[in-house]
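>>> Sequence plus predicted model, see below.
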Amino acid sequence: MTDSKYFTTTKKGEIFELKAELNSDKKEKKKEAVKKVIASMTVGKDVSALFPDVVNCMQTDNLELKKLVYLYLMNYAKSQPDMAIMAVNTFVKDCEDPNPLIRALAVRTMGCIRVDKITEYLCEPLRKCLKDEDPYVRKTAAVCVAKLHDINAQLVEDQGFLDTLKDLISDSNPMVVANAVAALSEIAESHPSSNLLDLNPQSINKLLTALNECTEWGQIFILDCLANYTPKDDREAQSICERVTPRLSHANSAVVLSAVKVLMKFMEMLSKDLDYYGTLLKKLAPPLVTLLSAEPELQYVALRNINLIVQKRPEILKHEMKVFFVKYNDPIYVKLEKLDIMIRLASQANIAQVLAELKEYATEVDVDFVRKAVRAIGRCAIKVEQSAERCVSTLLDLIQTKVNYVVQEAIVVIKDIFRKYPNKYESVIATLCENLDSLDEPEARAAMIWIVGEYAERIDNADELLESFLEGFHDESTQVQLQLLTAIVKLFLKKPTETQELVQQVLSLATQDSDNPDLRDRGYIYWRLLSTDPVAAKEVVLAEKPLISEETDLIEPTLLDELICYIGTLASVYHKPPSAFVEGGRGVVHKSLPPRTASNESTESPETAPAGAPSGEQPDVIPSQGDLLGDLLNLDLGPPVSGPPLATSSVQMGAVDLLGGGLDSLMGDEPEGIGAPNFVTPPAATAPANLGAPMGSGLSDLFDLTSGVGALSGSYVAPKAIWLPAMKAKGLEILGTFTRQVGSISMDLQLTNKALQVMTDFAIQFNRNSFGLAPAAPLQVHAPLSPNQTVELSLPLSTVGSVMKMEPLNNLQVAVKNNIDVFYFSTLYPLHILFVEDGKMDRQVFLATWKDIPNENEAQFQIRDCPLNAEAVSSRLQSSNIFTVAKRTVEGQDMLYQSLKLTNGIWVLAELRIQPGNPSFTDLELSLKCRAPEVAQHVYQAYETILKN
């Protein structure tokens, strides 16, 4: 008999009938009634009125009936919290039942009843179950602690359940250990600051012992927990790897990926010279290959993870190219992912095989796949120089097929090949031009136009070809319009006499007939350039282009390291950190790989270097000099929103453009380098990781001493200086200085009206600058400024504006507007206003970072005539956020080791030598080390300013 009969009833007074049946004396009738209640509940009927009657049925020895009642209870306890309390006594009784299944059932249901009122009553039964003699009850109770913690964290901590959970990690039963680890991991994720999983070599040993006997899901919990542990040295890392390696042969793919994650993480600590390192690389390949024989969905997840692994350590799978060859019956998402990995693994050794395979794919029927295959041929040419010629001839063969989408993709990739190998393959241009009429996709048209413009001098009818595109200019996409504008300007600079009409036509189309701001701005820039200085225009537009890099789609190294720590999770499939897709960010912890051991820094040949491995050099924190004209054209000003610092520096002030027409006065007549404006934001401020360097060397003993740190006083403020004299600003005189107080930067201004008319409507704007300084609020001059009147005001500044490297680094270009005109001036800000309050580095980190920064980044300076002792120096510098990490005395010299951090996350480390008690020698010697050496000179100036004032 099936259970469908419980779902079919339409009698009147159904609730009344059920009530009567629930109170029946016959056990069978009671059970039938509860089943009917559960059936009604399942299809969405409200049967909460029967709560007391159902709860009465809990007093039974029948396990099936008890399960049904508990199911009902879980569903309705939230809406009937007062009634739920009636069930507490039964829970307490059931937790002492001789049958372990009933004890476990009671504790599991308790964890699922999310009602605050009754949680405190459940503590006692839970405590007993955590110490139960039966492992099944203990493992269920362990999970219940995590559920209870989610409802009432404070209660769990007060009752000491967390300590009991930690004790369960040493339990004799592996399943209990696994559940205890899972519960602690879950609690730790929601409270990242709490150090719950305090892992040490002893507890790791217990976990590894339990690992061999767990169920597959228990193994995953334990492996994920191991992945969060950082071994103390490479020997411990190797020992853990040896014990985890057998998990690679597990039948469950999730266990395999979790084991791969642990091994990938701990391999960072192993020296590449070790025999074991080579053995481990060999052992990692077969399980990854095996994952590719699963069903397509699992294959896809495996391929996304392999993509990350190949970027980090291509040597693992370098001999396994064949398994990534596409099968005819693979779904498209698997095919595209395999193609990606094939290109990542392409090298001189296997390129012939890869190209033959890709050429085959390019004749397939699946359009998306064919497109990607053609692009892949181009990427191979760029990656493996020796294969470029073969790739180009393959692409030409494909163009001869005259299949429209193949031709278009081939032209797009040939453009990139020209960028990588200039003056090598231009003989194919004639073939490309033959296919001009068949191009209908924006990217292909734009690529072809770029080729015609770039090599106009080699194409006899270049002007005719470009003119043919110009006829339908307004119907083209923006990408094509921008490319056409640039190509025709290039053509004009190469053949000025023949193409004057053409260039005027395109400039008027771009500037007068177009409503696209990008196109219009580019048109105006070219127009101004060509009309003021054709020689400069030629230098700019026809400048030497940098060669394009091999793989542009590699994941950024720090993100790659974080994603390696998330192998086998959604993050590794999305290729995004959890913070990017987990709402609210609660419980999202940024993970990173352990620091490499010193022996691991051996030089690698380019062949074996991991594709995405971070090189020793950190990327330059300060972007290169952009161009001023582009920047000023990009400034748009309107009334800023008062309140917290803005996320960009485009502080708005009405529809007026402060800088319109004022460019020449700010820039002089001839702009220097002109190119596209450079939008760069400063990287997130991150403290350097503890590099775990060995502590036995020279600097280490200095950290045993206390640091000489004085009392805190305000940061040094320079006296106000004249920034804009009245004679240059139609009577407006501006004096100013910069201050930093309690983490806030301000520009203190004094405005004086030396004209004969009233001044109103003040507004201010900064150009992009090296550290993203921007007004955080509007310039508020509350009353009109009468003649001979002076007003003092403080303008709060933020450091989240647009960034562009200036020369000198601390140069700030400012535009001020009032009812009379717009005025421009530039000033130099002292760098110490950018020293942040959390710039004190941990001693161990200081030592490791000092060693890690290359010696060529060290700069030496002398601060003359500074008769201060070490305490006074330390105290004065600390008031400006330069912190003394340690102090020691060597041969009568006081040595201060100091750290400071700039607002954009750059750390500067300093060593200051002082001769105490020697009046004839008052010079201080300053050594600075920093990953961005260009800031050293300005930091030295800050030291001198602070110590001498």
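Okay, I see it. Note that the coordinates shown come from a computational prediction; the quantities given were computed from them, not determined experimentally. Residues are numbered from 1 along each chain as shown.
>>> Let me know the pLDDT of R843.
Turning to R843, the model gives it a pLDDT of 87.
>>> How much space separates it from S899?
To S899, R843 is 10 Å away according to CB to CB, to the nearest Å. Heads up, the C-betas are built off the backbone N, CA and C, glycines and all.
>>> which residues do those two both contact?
Jointly contacting R843 and S899 under the rule CB atoms under 8 Å, 6 or more residues apart in numbering are V885.
>>> Counting neighbours, go ahead and name the busier of these two.
Shown here are R843 and S899; by other CB atoms under 10 Å, S899 has more neighbours (23 against 19).
>>> Give me the three-state assignment for that one.
strand (DSSP: H, G, I helix; E, B strand; the rest coil).
>>> just checking, it touches I906?
No: using CB atoms under 8 Å, S899 makes no contact with I906, being 11.4 Å away.
>>> Sketch out the low-pLDDT regions of the chain for me.
Within the chain, the stretches with pLDDT under 70 are 1, 6, 8-13, 192-195, 550-552, 584-590, 595-714, 917-921.
>>> got the contact list for the nearest residue to A49 once chain neighbours are set aside?
Spatial nearest neighbour of A49, chain neighbours left out: I15 (5.7 Å); criterion: CB to CB, 6 or more residues apart in numbering. For I15, the contacting residues are V47, A49, L50, by CB under 8 Å, 6+ apart.
>>> In contact with the last one, which residues?
If I follow you right, that is L50. Counting by CB under 8 Å, 6+ apart, L50 has contacts I15, L18, K19, L22, V37.
>>> Assumed the third one was part of a helix.
Yes: assessed with three-state DSSP, K19 lies in a helix.
>>> Could you check how far it is from K5?
Distance from K19 to K5, by CB to CB: 20 Å.
>>> Which residue of these two possesses the greater neighbour count?
A side-by-side neighbour count of K19 and K5, using other CB under 10 Å, places K19 first with 17 against 12.
>>> hey, where'd the helices end up in the stretch 1-150 of the chain?
Ranges of helices in the stretch 1-150 of the chain, per DSSP state H, counting those that start in this stretch, are 14-22, 27-42, 51-56, 63-76, 81-84, 88-94, 100-112, 116-119, 123-130, 135-151.
>>> Endpoints of stretch 344-360, how far apart?
19 Å (CA to CA, to the nearest Å).
>>> for it, which positions count as buried?
Neighbour counts over stretch 344-360 (16 or more other CB atoms under 10 Å) mark R344, L345, A346, S347, N350, I351, V354, L355, E357, L358, K359 as buried.
>>> And for stretch 243-258?
Under the neighbour-count criterion of 16+ other CB under 10 Å, stretch 243-258 has R243, V244, T245, R247, L248, H250, S253, A254, V255, V256, L257, S258 buried.
>>> Of the residues you listed, which pair is most distant in space?
Maximum pairwise distance among the buried residues of stretch 243-258 (CB to CB): 20.5 Å, between R243 and S253.
>>> mind giving me JSON lines with the contacts of L50 and columns for distance to D460?
Converted to JSON lines, the contacts of L50 look like this (distance: CB to CB, whole Å):
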{"residue": "I15", "distance to D460": "92"}
{"residue": "L18", "distance to D460": "93"}
{"residue": "K19", "distance to D460": "97"}
{"residue": "L22", "distance to D460": "96"}
{"residue": "V37", "distance to D460": "89"}
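>>> D163: which of these is nearest?
Of all those, D163 sits closest to V37, with 40.7 Å by CB to CB.
>>> any idea how far the closest one lies from C123?
Noted for V37: a distance of 30 Å to C123, by CB to CB.
>>> again with R740
Taking CB to CB, one finds R740 at 51 Å from C123.
>>> Show me which of those two is the more surrounded one.
R740 (23 against 18).
>>> how far away is the closest residue to R114 other than its chain neighbours from V145?
Leaving aside its sequence neighbours, R114 sits nearest to I151 (CB to CB, 6+ apart; 5.4 Å). The gap separating I151 from V145 is 11 Å, by CB to CB.
>>> so can I have CSV of the helices of the stretch 1-150 of the chain showing distance to F823?
Listed next are these as CSV, based on distance: least, CB to CB, whole Å:
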stretch, distance to F823
helix 14-22, 82
helix 27-42, 75
helix 51-56, 77
helix 63-76, 72
helix 81-84, 68
helix 88-94, 77
helix 100-112, 69
helix 116-119, 64
helix 123-130, 71
helix 135-151, 60
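>>> That'll do, ta.
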